[in-house]
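Peer 1: I would like to see how this sequence folds:
(one chain, ligands or ions: 1)
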Amino acid sequence: MASDATSAAHNSARAPEPVGLYPHARRAGNLLFLSGVGPRQRGQQQVPGVELSDDGSIRSYDFESQCHAVFQNVRYILEEAGARWEDLVDVTVFLTNMQADFPTYNRLYAEYFQTNQPCRTTVEVNCLPTPIAIELKCIAVVAG
Ligand SMILES: N/C(=C\C=C\C(=O)O)C(=O)O
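Peer 2: Next up, the predicted model:
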């Protein structure tokens, strides 16, 4: 954990390694801000369910697996920073193919957020920095 006078950085031992110079999360007061995170698995280059072509472009991907994996990664980061899934208050979701993937995402999202409903914003982006189809950016309120 790296701290300064006003905030403390948190890095999870279970979430995928950051792809740049940023922490998995940073706490400021009672707010915990998570960096954008996708479905990659820690210690692995491959994204669950992604098949790449020889030129590195995505041939196919299993979007449902990516949804489960990204929700798990968010949970890892929250828990290791002292927060819980139920503490989420705001979620921004980036999809690379809204038309194809929104129905699956929306269905699985509802399963994961049965007991708490953070504010949510979903946008489509042209691409994400790792070959992933979904990334989440979250804010939680931590007790104490
Ligand atoms: N948060 C960023 C990338 C995350 C990628 C991933 O978890 O696969 C970033 O570049 O800002």
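Peer 1: what helix or strand does residue 73 sit in?
Peer 2: helix 63-80 (DSSP states H and E).
Peer 1: got a list of what residue 126 touches?
Peer 2: residue 96 (Cβ atoms under 8 Å, 6 or more residues apart in numbering). To be clear about C-beta, it is placed using only N, CA and C from the backbone, and glycine gets the same treatment.
Peer 1: so how far is the ligand from it?
Peer 2: Counting by Cβ to the nearest ligand atom, to the nearest Å, the gap from residue 126 to the ligand is 14 Å.
Peer 1: residues from the chain in reach of the ligand?
Peer 2: Applying Cβ under 6 Å from any ligand atom, we find that the chain lies next to the ligand at 16, 19-20, 22, 35-38, 40, 129-130, 132.
Peer 1: by pLDDT, give me the weakest of those residues.
Peer 2: Within the residues of the chain next to the ligand, pLDDT reaches its minimum at residue 130, with 83.
Peer 1: any regions of the protein where pLDDT drops low?
Peer 2: 1-5 (pLDDT under 70).
Peer 1: now with 80, please.
Peer 2: Within the chain, the ranges that satisfy pLDDT under 80 run 1-5, 45-46, 56-57, 144.
Peer 1: which PyMOL command selects the buried ones in the residues of the chain next to the ligand?
Peer 2: In PyMOL, a selection of the buried entries from those looks like this (16 or more other Cβ atoms under 10 Å):
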select buried, resi 16+35+36+37+38+40+132
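Peer 1: looking at the residues of the chain next to the ligand, spot the one nearest residue 64.
Peer 2: residue 132 (13.5 Å; Cβ to Cβ).
Peer 1: tell me, how many residues neighbour residue 39?
Peer 2: 27 (other Cβ atoms under 10 Å).
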